[in-house]
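**Student:** What shape does this take:
(chains A and B)
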Amino acid sequence: MRTLLFLTLVSVSSLLMAQAEKPFLDVSIEIFDMNLPQDVLRQEQAQIYPAVRQAEARYLPSFLKLTLQESGAWGAVRLLPDVDIGAELQISASILNSDGATLELELLAMDATDRVWLSKRYQNVAVDSVSLNQPLLGTDPFLYLYAEISNDLLATYRTLTTEQIQEIKEVATLRYAASLAPEAFGDFLVQEEGLYRLNRLPADNDPLLLRVKEIREHEYVFIDVVDEQFQDFFVSIKPIYDMWRKYRRDQMASEADKIRRETQQGNDMRRGSYISLKESYNNFRWARMQDQYLDELNEGFTNEVLPTDITLEDSIYQLSGTLEEQYREWRDILREFYLLENAGQ
Amino acid sequence: MPELTEFEVVDMSGNWEKDYQQSDDFETEFNLYMFDIQRQLSPQPDGVNRSATIGGGAATGSMETIVGLARFTEEITRMPVLQIDQDRFRIQIDREDDFALLCEYFNRQTMITETPFGTEQCSWNGNQLLFLLTLQDGLRIYYQVTLSPNGQQLNITTTVSSDRVSTPMTISNYYRRYEIPESNIDCILTLTRNNVCRRSSN
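**Tutor:** Below you'll find the predicted structure:
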């Protein structure tokens, strides 16, 4: 298993080396859409646990981020609580199914020009035996799903010319600039056939553009803080989440196995035997452990909403609310800051 | 004497390790158990063979089910260490590689937790904490948790029964306290920040 993944990533890296002159693209991954049914009854029927799904919405993109970083094919790979307006390559996904045995994602990858790289449904069955030496990457049962996404992204990247990649980077900067100051930057881009194109470029020393880039750097400060939090979350939650998924798989396998055995042997044949007692106990044990894991996950979310302090130009801003709310608040602050700084220009 | 809570429940909280010297030796208990079973199976002075009492009268109290029950009992009573958290309203007994026994008590009422695979009941009987698991296929597990008067020893007596074997098996384990070095850092688990820790105020 290890060799397979290793070869997969190495072969990709080798291909990249052949195109080493191409600039790297930065990747922004938005936390995944939970795809949680509103109706509690439907959640129960589908065996979706909101606390787990909420954790997965952060955990799964964290793993994708690690996979992309491991491939060595990208620039900065960032995980954000929301869509990144200035993303060079934006990845979004919705969790269609995640029950421990199967993971199914609807994934969309678009670059800054709105070119769709991937719009695809990925499905993978858990592989228990995956084991790499790398502690974080090595133990996920859906490793191959992430590797497939990584390879698909690289396949698209390879089809683009250096000029196209460069254009994506410039469009990304100008889209971000236009979000801050549409009146100043709105006409640098045009839309043709649904894609953003460069209409003209600002001068390299354009003071407004330089200011925009500074603001962008400030946004990265927050993103880095958030990113660190996501990383911490990933590391802390991984053991419990892995265990939860394993129990879910074992539980499903046990139920299926029990039905099969009962069909083959008759219901009463093994009643009272060690296997039967063990099975009864394990079923209960799984159910209780699952409840207890959910309680722990819930507790984690309850404690999560702590304020973040960020320094901007000698002032300390305290952001509160969920990370998503904090991110929006920070962007609003930056936008106001930019407008104040450039008032009258 | 251990401190009593508002509901006059003994405080079992702490870290506990198994005292193997005082706990039942499984081999010995198993032999006694088998001896007891054999005695029941043997023809009695009145000439009645009581084998019908095993396996609910279906003569299915076979060696497989008897040994199976014993083997199963041995497995679930290993529990080398326990960590018990307790406050005025609940007690949680964490066991290695197993679910935690959890009891919430309000005026000593019985708490019942239901799952599709069985129920867990708990209650206090004086200073004794009781758990009863009623599981599928006629399996019942009964835990009696008792704190010694000086608060330094804990006894957990586990009785396992199956509807296929007339005689339940009981194992008694003793635990003694052990201390984990105290930290002056208070941490709470958060999802995105891992553990958020701060120095204790004391």
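**Student:** can we go C-alpha only for contacts and neighbour counts from here?
**Tutor:** OK.
**Student:** Which residues of chain A lie near chain B?
**Tutor:** In this structure, chain A approaches chain B at residues A:55, A:228-237, A:271-278, A:280-281, A:283-289, A:292, A:297, A:299-304, judged by C-alpha under 8 Å from any C-alpha of the partner chain.
**Student:** buried subset of those?
**Tutor:** By neighbour count, with 16 or more other C-alpha atoms under 10 Å in any protein chain shown, these hold A:55, A:228-237, A:271-274, A:276-278, A:280-281, A:283-289, A:292, A:297, A:299-301, A:303-304 as buried.
**Student:** Quick one: residues contacting residue B:121.
**Tutor:** By C-alpha atoms under 8 Å, 6 or more residues apart in numbering or on different chains, the residues touching residue B:121 are B:110-113, B:130-133.
**Student:** element containing it?
**Tutor:** Applying DSSP states H and E as the criterion places residue B:121 in strand B:118-125.
**Student:** Partner strands of that strand, with direction?
**Tutor:** Strand B:118-125 has these partner strands in its sheet, going by DSSP bridges: strand B:111-115 (antiparallel), strand B:128-135 (antiparallel).
**Student:** so which of those is the most packed in?
**Tutor:** Most buried of the strands paired with strand B:118-125, by mean neighbour count (mean count of other C-alpha atoms under 10 Å in any protein chain shown): strand B:128-135, with a mean of 20.
**Student:** next SSE after that strand?
**Tutor:** strand B:139-147.
**Student:** Alpha carbons only: can I get that next one in CSV?
**Tutor:** What follows is strand B:139-147, C-alpha atoms only, in CSV (Å, rounded to 0.1, in the frame of the first residue of the first chain):
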residue,chain,number,x,y,z
LEU,B,139,-26.5,-11.6,27.9
ARG,B,140,-26.6,-9.7,31.2
ILE,B,141,-23.6,-8.0,32.9
TYR,B,142,-24.0,-6.7,36.4
TYR,B,143,-21.3,-4.5,38.0
GLN,B,144,-21.3,-3.6,41.7
VAL,B,145,-18.8,-0.8,42.5
THR,B,146,-18.0,-0.3,46.1
LEU,B,147,-15.5,2.0,47.8
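**Student:** State the mean pLDDT of it.
**Tutor:** Average pLDDT, strand B:139-147: 97.
**Student:** Now do that strand and strand B:118-125, the angle between them.
**Tutor:** Angle of strand B:139-147 versus strand B:118-125, following axes from the mean of the first three to the mean of the last three C-alpha atoms, to 10 degrees, is 30 degrees.
**Student:** is the helix or strand just after strand B:139-147 anywhere near chain A?
**Tutor:** Along the chain past strand B:139-147, the next helix or strand (assigned with DSSP H and E) turns out to be strand B:153-162. Yes. Using C-alpha under 8 Å from any C-alpha, strand B:153-162 reaches chain A at residue B:162.
**Student:** any low-confidence regions in the chain?
**Tutor:** Picked chain A for this. Low-confidence segments of chain A (pLDDT under 70): A:1-20, A:128-138, A:254-255, A:258-269, A:294, A:297-314, A:343-345.
**Student:** wrong one, chain B
**Tutor:** B:1-7, B:43-61, B:107, B:181-202.
**Student:** could you redo the last one with a cut-off of 50?
**Tutor:** Along chain B, the parts satisfying pLDDT under 50 run over B:1-5, B:50-60, B:191-192, B:202.
**Student:** all strands for it, in order.
**Tutor:** B:14-18, B:81-86, B:90-95, B:101-104, B:111-115, B:118-125, B:128-135, B:139-147, B:153-162, B:165-178, B:185-190, B:194-199 (DSSP state E).
**Student:** Contacts made by the first one with the rest, please.
**Tutor:** Read that as strand B:14-18. Residues outside strand B:14-18 that contact it (C-alpha under 8 Å, 6+ apart) are B:79-85, B:154, B:173-180.
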